[in-house]
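**Student:** pasting the sequence and the predicted model now:
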Amino acid sequence: MPVSMPVAGVFLEIHGGGFYMGSAAGSDVRNRRLADALGIAVASVDYRLAPEHPWPSAPDDCETAALWLVEHAQRRFGTTRLAIGGFSAGATLAVSTLARLRDRGVTAFSGGVLQFGTYDLAAKTQAGRLIADEYFLDAYAGSTPDRTHPDLSPLFADLAGLPPILIVIGSDDILLEDNLAMATRLSEAGVEVDLRIYPASPHGFTGHATPMARAALGHIDAWLGARLGPAD
């Protein structure tokens, strides 16, 4: 059955947790705040977790959720205005999902919000080598022989044709260089990129009640509102 009142748009949220932790329910507080602030619906994906379900299980699940929204958003929510975003590992999965949709010729998503994702899981760049010893790399990649596969490490993907992207990262995040590299790759591919670097902010800073987090969330709201707000 459709929801009782149409919403301005639908945001597909992908939770973080290093690909091996977390759940859709863990994002409920953040998602409720976003829904109330923008008058939108937020759908969150309970994708399968590593190491029991290594790549490509998680992006497979995220792609399935995105395609479901493309097909059903109008009937269920009264809108076709869609955007996607993720938090940490969820940002990585959001990029992979957008690239998969692009390859299918699906252009329904109007933008992506990437909060401090990791994009070189192969440790081939200086940025990637900073986290080369992290457990989640082995858990998520599993037995994959080439971790530069673009669906696994989006930094090496063809990024042309993706919708506008907002990148949010803290200056004290170990993933700062990785996010700068992704912003550069997106720009080189002709993608509209809004890169926001917040001073004195560590990984995951938007999940904490700080002035810098409030500033970042305010910008995310404004950026998404411009893409999911009521049509003129």
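**Tutor:** Everything's here; your move.
**Student:** which residues does Ile84 contact?
**Tutor:** 11-14, 66, 94, 97-98, 109, 111-113 (C-beta atoms under 8 Å, 6 or more residues apart in numbering). For glycine as for every other residue, the C-beta is placed from the backbone atoms N, C-alpha and C.
**Student:** any idea which helix or strand carries it?
**Tutor:** strand 82-87 (DSSP states H and E).
**Student:** likewise for Gly218?
**Tutor:** With DSSP H and E as the criterion, Gly218 is inside helix 211-228.
**Student:** angle of that helix against strand 82-87?
**Tutor:** Helix 211-228 runs at 160 degrees relative to strand 82-87, counting by axes from the mean of the first three to the mean of the last three C-alpha atoms, to 10 degrees.
**Student:** other SSEs contacting helix 211-228?
**Tutor:** strand 10-14, helix 28-38, strand 82-87, strand 109-115, strand 165-170, strand 193-198 (3 or more C-beta pairs under 8 Å, 6 or more residues apart in numbering; DSSP states H and E).
**Student:** in its sheet, what does the third one sit against?
**Tutor:** Each strand that pairs with strand 82-87, with its direction, by DSSP bridges: strand 10-14 (parallel), strand 109-115 (parallel).
**Student:** just to revisit the earlier point, what about the strand holding Ile84, average pLDDT?
**Tutor:** For strand 82-87, mean pLDDT rounds to 98.
**Student:** and if you look at stretch 47-59?
**Tutor:** 98.
**Student:** which residues are contacting it?
**Tutor:** In this structure, residues lying in contact with stretch 47-59 by C-beta under 8 Å, 6+ apart are 14, 17, 19-22, 61-62, 93, 96-97, 100, 136, 138-144, 151-152.
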